[in-house]
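S.K.: I would like to see how this sequence folds:
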Amino acid sequence: MTMFVGLATSYATAMALTIRESPVVAVAELIIRLTPGAIAEWLISIVGQLDKPLLIIGIVAFLVAMGALAGSLARHSVLKPVLVWVVLALIGGAAVMVQPGASVVDVLPVLVGFVTWLVVLSALSKPLVTERDHPELESRERRVFLMVAGVFGLAAVGIAGAGRVVGRGRRHVAESRRLLRLEGVTRPLAPTDTTIGLPGIAPWQTPNDDFYLIHTAISVPTIEPKDWTLRIHGLVDRELVLTYNDLVARQLTESWMTLNCVSNEVGGDLVGNAWWSGIRIADLLEEVGLDPSADCILQTSEDGWNCATPLSALIDDRDAMLAVAMNGKPLPIEHGFPVRTIVPGLYGYVSATKWVVDYEVTRFADVSAFWTDRGWSEEGPVKMASRIDVPRSGDDVAVGDVNVGGLAWAQHTGIDTVELSVDGGEWQPAQLAQTPSEDTWVQWALTVSLDEGEHELRVRATDNDGLEQTGVRRDVLPDGATGWHTIQVRAT
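M.R.: Numbering: from 1, shown residues only. As a prediction, the model looks like this:
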């Protein structure tokens, strides 16, 4: 109970001071940063996108358990429970101070929570020690009860008020996004020949609400466009600082691009295709002038996450951009509003920085980045992949002709052919839909004849350079999964 009061007042203080992260969130983000890549990938494979909520629940449960321990120790000693809380407060304070841009003010919620806990624990502990010898102190118990009830009431009010502050901040940004009008951004009109016409295949254009969402932020940054800036510095001739208005006043480029996460398993759905609008990064880098020794850009997000992106992928002929719109609308908050980086042909862990605020032109040898520090490879080019969407593995299908279809992708190279094998037999070519560029996925379909019984279907692709997709199964770590997507069906 005392721990709950301490946590509540700590959270309320953080929100009242408009500190973006409470101590619990700061600890959670510190744990994420310290978790090795292999362990992080294993946990994600088990719980998926529930990893962050479960982490928060685990931290709160641990704190409640520590609070119970401190309360038990308080029956016999004053020093021991205080030591428990001092250790927890130091951990919380350290987690807060290592956050990007942290100051002494950010530690205040930890101190307020600690002091509140001391007051409440002291009030609750005294009657437990004295009532055996002084049962007449009933009035003191009443006073203690009223004081504790008052603290709980204030904590509840604080949480409610803090929740309104947080909600109000997000609502303000959401309203700014809703009212934003971006000149030059057009609504997407997917070419009709990009769809193969087989029901069950994922849509060629992925709606914003269905687009996969991967990030390390426990608390999603909310940035008003008027407050956003991007600094480009490092190994450049001229440093450049752009405001949001500076950025969107420039010439916009728009294109269809497929993005996928390096954590995508063979046949997985951490991939999506959208109409992106933004400003070409190559133009900005030409403006600042690049040192010939530079080979990467260290991108940093508002929440401190960073990645090192190969410079070659930002200045070649692909449409690497600072995106401001997705499918004809300003970026969703969760997908990086107001500005994020998009680089076709690279996995997101080395390129797709949401809420981006800093570009440092540098060298791979001189920097470290979030995921590469955890065992992932340095440059992260997308691996060619294909998957079967129809039928699903384990489905029952009718004996005879069966329609099979799915998607394939090899961004910045493009898909030339897709083939299907039944029960390890000869590879049969599939029909491909059209694509507007090599940076998007392609739908494919064909009809196969199945006899009664169990069957195994597997798919492979070949890209426009003539490279055939490997059938060797490899895990997502360190640079993306490989292997042919294989399913089992039963014809009846």
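S.K.: what about stretch 346-360, start to end distance?
M.R.: Length of stretch 346-360, first residue to last, CA to CA, to the nearest Å: 19 Å.
S.K.: Report the buried residues of it.
M.R.: Of the residues in stretch 346-360, 346-360 count as buried by neighbour count, 16 or more other CB atoms under 10 Å. (Glycine included, C-beta is placed from N, CA and C.)
S.K.: Same question for stretch 312-320.
M.R.: Neighbour-count burial for stretch 312-320 [16+ other CB under 10 Å]: 313-315, 318-320.
S.K.: Name the helix or strand for G67, please.
M.R.: According to DSSP states H and E, G67 maps onto helix 51-73.
S.K.: Please name every helix or strand in contact with that helix.
M.R.: helix 2-16, helix 23-34, helix 37-47, helix 79-97, helix 108-130 (3 or more CB pairs under 8 Å, 6 or more residues apart in numbering; DSSP states H and E).
S.K.: can you do 6 Å?
M.R.: Counting contacts by 3 or more CB pairs under 6 Å, 6 or more residues apart in numbering; DSSP states H and E, helix 51-73 packs against helix 2-16, helix 23-34, helix 37-47, helix 79-97.
S.K.: Burial check on the spatially closest residue to D269 that is not a sequence neighbour, number of neighbours?
M.R.: Excluding the flanking residues, the one nearest D269 by CB to CB, 6 or more residues apart in numbering is Y212, at 6.7 Å. Applying other CB atoms under 10 Å, we find 18 residues neighbouring Y212.
S.K.: and the gap between Y212 and N264?
M.R.: From Y212 across to N264, the span is 8 Å (CB to CB, to the nearest Å).
S.K.: So for these two, which residues contact both of them?
M.R.: Common neighbours of Y212 and N264 are listed as L270 (criterion: CB atoms under 6 Å, 6 or more residues apart in numbering).
S.K.: From the buried residues of stretch 346-360, pick the one nearest G184.
M.R.: Closest approach to G184 among the buried residues of stretch 346-360 (CB to CB): V356, at 20.0 Å.
S.K.: need the contact list for the closest one.
M.R.: V356 makes contacts with 299, 301, 339-341, as judged by CB under 6 Å, 6+ apart.
S.K.: buried residues in stretch 251-270?
M.R.: Quick answer for stretch 251-270 (16+ other CB under 10 Å): 252-264, 266-270.
S.K.: residue boundaries of the strands in the stretch 251-400 of the chain?
M.R.: Secondary structure of the stretch 251-400 of the chain (DSSP state E, counting those that start in this stretch): strands located at 253-260, 271-280, 296-301, 306-310, 321-326, 329-330, 340-342, 356-362, 385-390, 396-397, 400-409.
S.K.: tell me what the third one is packed against?
M.R.: I take that to be strand 296-301. Going by 3+ CB pairs under 6 Å, 6+ apart, strand 296-301 lies up against strand 306-310, strand 356-362.
S.K.: what lines up beside the shortest one in the sheet?
M.R.: Each strand paired with strand 306-310, and its direction, by DSSP bridges: strand 296-301 (antiparallel).
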